[in-house]
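Colleague: Predicted structure and sequence below. I'll ask about it afterward.
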Amino acid sequence: WIVGFKPNLQLPDGKIPAVDVLHLHHGVWAVATRRDTTSPFFPERFVAAGEEKTALEFPEGYGYRYSPNDYWYLNYMIHNLWPKATKVWVTYDVDLVPADTPEAAALTPARPVWTDVQNGSAYPVFDALRDSGTEGTFTYPDQAPDPYAGGAPKNAWTADRDLVLVATGGHLHPGGLHTDLWLERGGAKAQLFSSI
């Protein structure tokens, strides 16, 4: 069982580069042998990080089931602000609980539920143009004209069963201020998470 996951970058000399010089702009780890909860066309996206170096640590009693038969892949982009090519490795430390231990018997499986502002798109982002929005801020999709081209919102998901939210995170590109997660039930809306 995976109970923690911490990604990073490492130079050939073992040092960690400063994020203002060389950084993992984004990295998404997925399991190709499983289907994604919110976008079944994709493999199951289970952890991600970016310039902010998001690390996953499950609350006690929860874990993500790992199998040696899983086929992982990594979709990543590295930004190099040095004036020359640089060798760098994407690293990740994984905290595991062996399946045959008493600790594992007490774990509840965590299921990744992935959302994006353009979930299901090959490049699920948006661009805010200078001077758009209100007083220097632009809230997507609220202030975007027809953000989903007349279709259903791609940033919403209807739960397919009772759920317990055990962890969440958000990723912003430079200039972004915060990501938010909302729950809507019975006409009432409540904010569950903000990265502020």
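Modeller: Cool, got the structure.
Colleague: Let me see the backbone angles for the residue of the chain most remote from its centre.
Modeller: Counting by Cα atoms, centre = their mean, the extreme residue of the chain relative to its mean C-alpha position is P102, 29.9 Å from that point. Phi and psi for P102, reported as degrees, to the nearest 10, are phi -60, psi -30.
Colleague: so what's it up against?
Modeller: Contacts for P102 (Cβ atoms under 8 Å, 6 or more residues apart in numbering) come out as none. Placement of C-beta: from N, CA and C, glycine included.
Colleague: mind checking pLDDT for it?
Modeller: Per-residue pLDDT puts P102 at 96.
Colleague: Equivalent analysis for the one 4 residues further on, please.
Modeller: According to the prediction, A106 has pLDDT 95.
Colleague: what residues are up against it?
Modeller: G61.
Colleague: separation between it and E60?
Modeller: 9 Å (Cβ to Cβ, to the nearest Å).
Colleague: which of the residues in the lengthiest strand in the chain are buried?
Modeller: Using DSSP state E to define each element, the chain has its longest strand at strand 22-35. Judged by neighbour count (16 or more other Cβ atoms under 10 Å), strand 22-35 contains these buried residues: L22, H23, L24, H25, H26, G27, V28, W29, A30, V31, R34.
Colleague: Among those residues, give me the pair with the biggest separation.
Modeller: Greatest spatial distance among these (Cβ to Cβ): L22 and R34, at 31.7 Å.
Colleague: okay, the longest strand of the chain in PDB with CA atoms only?
Modeller: Coordinates of each C-alpha in strand 22-35 appear next as PDB, following Å, rounded to 0.1, in the frame of the first residue of the first chain:
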ATOM      1  CA  LEU A  22      15.100  24.300 -12.900                       C
ATOM      2  CA  HIS A  23      11.800  22.800 -11.800                       C
ATOM      3  CA  LEU A  24       9.200  20.200 -12.500                       C
ATOM      4  CA  HIS A  25       6.500  22.300 -14.100                       C
ATOM      5  CA  HIS A  26       4.100  19.400 -13.800                       C
ATOM      6  CA  GLY A  27       4.300  15.700 -13.300                       C
ATOM      7  CA  VAL A  28       1.300  13.300 -13.300                       C
ATOM      8  CA  TRP A  29       1.800   9.700 -12.300                       C
ATOM      9  CA  ALA A  30      -0.800   7.300 -13.600                       C
ATOM     10  CA  VAL A  31      -1.500   3.600 -13.600                       C
ATOM     11  CA  ALA A  32      -2.200   2.300 -17.200                       C
ATOM     12  CA  THR A  33      -3.700  -0.900 -15.900                       C
ATOM     13  CA  ARG A  34      -6.600   1.000 -14.200                       C
ATOM     14  CA  ARG A  35      -9.200   3.400 -15.600                       C
END
